[in-house]
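>>> Next input, structure requested:
(one chain, ligands or ions: 1)
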Amino acid sequence: MTNMVFCRGCGKDIHESARACPHCGAVQYQPNRGKNRIIAGLLALFLGGLGIHRFYLGQWWGIFYLLFVWTFIPLLIAFVEAIVFFVTSDARWEEKYGPE
Ligand SMILES: [Zn+2]
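As a prediction, the model looks like this:
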């Protein structure tokens, strides 16, 4: 069975592109939609002081990281955010940064 995944609701095989399970109607988690948690975490870790991870997440206020980078505070914030991103569960991430 190619391109099949298990339903999160009932455990039956459903096609990976299905938005909802035809058996039980459960809405499925789509890992390839929205922003990638690991990429965001790595951006925060390496380029976080410049707010690059915020721009990646579509948040314009990443500009404030750039404006205050000389204080080194954005570097600290971004480092903490990188850790938070890495420990956030996929489901929670999807809720926050997944597509509407
Ligand atoms: Zn189901």
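>>> Compute the number of surrounding residues for Glu94.
As a burial measure, Glu94 scores 18 neighbours (other Cβ atoms under 10 Å). Where C-beta positions appear, they are placed from N, C-alpha and C, glycine not excepted.
>>> can you give me how far the helix or strand hosting it is from the chain middle?
In this assignment (DSSP states H and E), Glu94 forms part of helix 90-97. Counting by Cα atoms, centre = their mean, to the nearest Å, helix 90-97 is centred 6 Å from the centre of its parent chain.
>>> Need phi/psi at Met4.
In terms of degrees, to the nearest 10, the main-chain angles of Met4 are phi -110, psi 140.
>>> correct me, but it touches Lys12?
No - in this structure, Met4 is not within contact of Lys12 by Cβ atoms under 8 Å, at 9.6 Å.
>>> got the residues of the protein near the ion?
Within the chain, the positions near the ion by Cβ under 5 Å from the ion are Cys7, Gly9, Cys10, Cys21, His23, Cys24, Ala26.
>>> Now pLDDT and neighbour count too, for the residues you listed, in JSON lines please.
Converted to JSON lines, these look like this (pLDDT from 0 to 100; neighbours: other Cβ atoms under 10 Å):
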{"residue": "Cys7", "pLDDT": "88", "neighbour count": "18"}
{"residue": "Gly9", "pLDDT": "88", "neighbour count": "15"}
{"residue": "Cys10", "pLDDT": "93", "neighbour count": "12"}
{"residue": "Cys21", "pLDDT": "90", "neighbour count": "21"}
{"residue": "His23", "pLDDT": "92", "neighbour count": "13"}
{"residue": "Cys24", "pLDDT": "93", "neighbour count": "13"}
{"residue": "Ala26", "pLDDT": "88", "neighbour count": "15"}
